[in-house]
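*Asks:* Dropping the sequence and predicted coords here.
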Amino acid sequence: MKKIWLYLSNQFLIATRRNFRKAYKLSREHDSRVKNALDNNPADEDYQIIYNRYHPLHEDLSVHYSNWASKGGMQKGDTLNLKQLLKLLPAKMHRIDVRIQIVHEPETQAYEKLFPQMHKPFYSGTQDSRILAVKTLITTIGDEVALAAVKADLIIIYNALESAKKVQTGAKKEKKTSSSTLEDSRVAAMTCMYQDLGLLINKFPSKPNMIEPFFDVETLTNPEQTIWKGQLDAKEVLPVLVHTFAAGDIIRLKSTGKGDIDAYLASTPGGTDSVKLSTTAKHEIRFDVAQFRVSNYKENRYLTLINASANEDTRFIIELY
């Protein structure tokens, strides 16, 4: 197989394949740096050309990236909603069973017709099979007057499950559509960035050091770490990572132990000079870094975690989106 000449390979496209976050970050930096160069040299025709053709593509990418990110968060929330309803289902069915036993004693033919496998279909199986088990019980009760009130409550349970399932399924489809649109925006922006590189090579053929400042080369050439896991002792203050964020970047923070966790985006390792964001034990939060309310992301680069518990150790997960 013939090897493609390095300079004919669009490194921007290659580096951001299946990585929308990286594409957005590269685009944000390139757009900002070109704008800064144009502001400092308003009469420069090359900078005008680059900015005028790239900025609309960056704006388009930004809108679709934000939309895609929000759909991802919504999908996760909707999925949890259905899972929570299914987690409550066994207890609800136990109460339903107690009411049915008032009408039909266990081990009678009528009772066994309603619960041929006892409670197993409601406790285990796929999401669809457990929802179907509720529907089947409703159908089996039919028009039996003595169980009319039980049937009415079962219909409420079933409708809640079906509604949550539809929302979850719709969210997944919506996210798939938004990711397809975002992929088109990514390709357009990264292709134009490759054009910009060519124009800048033409502008500075003997001064490559003049080209590099227009691109986030560090992000382009290095694989990004996006997940951090660790432990916090009681009251421990931990400078977890150093990163230059920007408004619109999303962080997921989860406490997987018994301690509540406070987070800061500080100007020094272990610092607390930002708004405090918190999650409780066994829970997680997703938030835009803008909620830290810092004025300079180049100075406030140190993400600090503090275990708010005085007695309990805890563990954490941080994920960057």
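*Replies:* Cool, got the structure.
*Asks:* Quick check: longest helix in the chain by residues?
*Replies:* helix 45-103 (DSSP state H).
*Asks:* What's the local residue count around His64?
*Replies:* By other CB atoms under 10 Å, 21 other residues sit near His64. Just so you know, the C-beta spots here come from the backbone N, C-alpha and C atoms, and that holds for glycine as well.
*Asks:* For the longest helix of the chain, the averaged confidence score.
*Replies:* Across helix 45-103, the average pLDDT comes to 80.
*Asks:* what's the answer for stretch 138-146, then?
*Replies:* Mean per-residue pLDDT for stretch 138-146: 88.
*Asks:* residues of that stretch that come out buried?
*Replies:* 138, 141 (16 or more other CB atoms under 10 Å).
*Asks:* Summarise which helices and strands the longest helix of the chain is packed against.
*Replies:* The contact analysis (3 or more CB pairs under 8 Å, 6 or more residues apart in numbering; DSSP states H and E) places helix 45-103 against helix 20-40, helix 109-114, helix 120-123, helix 127-141, helix 148-203.
*Asks:* quick one, the longest one and helix 45-103 angle?
*Replies:* When axes from the mean of the first three to the mean of the last three CA atoms, to 10 degrees is applied, the directions of helix 148-203 and helix 45-103 differ by 170 degrees.
*Asks:* For helix 148-203, enumerate the helices and strands it packs against.
*Replies:* Packing partners of helix 148-203 (3+ CB pairs under 8 Å, 6+ apart): helix 11-15, helix 20-40, helix 45-103, helix 127-141.
*Asks:* wait, which of those is closest to Thr268?
*Replies:* Thr268 sits nearest to helix 20-40 of all those, at 23.8 Å, using CB to CB.
*Asks:* what comes up buried for that closest one?
*Replies:* Buried, per 16+ other CB under 10 Å, within helix 20-40: 20-31, 34-35, 37-38.
*Asks:* do stretch 39-59 as well
*Replies:* Neighbour-count burial for stretch 39-59, counted by 16+ other CB under 10 Å, picks out 46-47, 50-51, 54-55, 57-58.
*Asks:* ok, back up a step: would JSON lines of the helices and strands packed on helix 45-103 with distance to Asn10 be doable?
*Replies:* Listed next are the helices and strands packed on helix 45-103 as JSON lines, based on distance: least, CB to CB, whole Å:
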{"stretch": "helix 20-40", "distance to Asn10": "12"}
{"stretch": "helix 109-114", "distance to Asn10": "64"}
{"stretch": "helix 120-123", "distance to Asn10": "53"}
{"stretch": "helix 127-141", "distance to Asn10": "42"}
{"stretch": "helix 148-203", "distance to Asn10": "4"}
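*Asks:* Identify, out of the ones you listed, the most deeply packed stretch.
*Replies:* Highest mean neighbour count among the helices and strands packed on helix 45-103 (mean count of other CB atoms under 10 Å): helix 20-40, with a mean of 19.
*Asks:* Now find how far off-centre the worst-scoring helix or strand of the chain on mean pLDDT is within its chain.
*Replies:* Of all helical and strand segments in the chain, the minimum by mean pLDDT, DSSP states H and E falls on helix 45-103, at a mean of 80. Here helix 45-103 is found 8 Å from its chain centre; the criterion is CA atoms, centre = their mean, to the nearest Å.
*Asks:* how close does Tyr51 get to Lys35?
*Replies:* Tyr51 sits 6 Å away from Lys35, taking CB to CB, to the nearest Å as the criterion.
*Asks:* Please work out the average pLDDT along stretch 30-40.
*Replies:* On average, the pLDDT along stretch 30-40 is 95.
*Asks:* mind checking how far it is from the chain centre?
*Replies:* With CA atoms, centre = their mean as the basis, stretch 30-40 stands 30 Å off its chain's centre.
*Asks:* Other residues contacting that stretch?
*Replies:* The contact list for stretch 30-40 (CB atoms under 8 Å, 6 or more residues apart in numbering) reads 44, 47-48, 50-51, 54-55, 58, 193, 196, 213-216.
*Asks:* No further questions, thank you.
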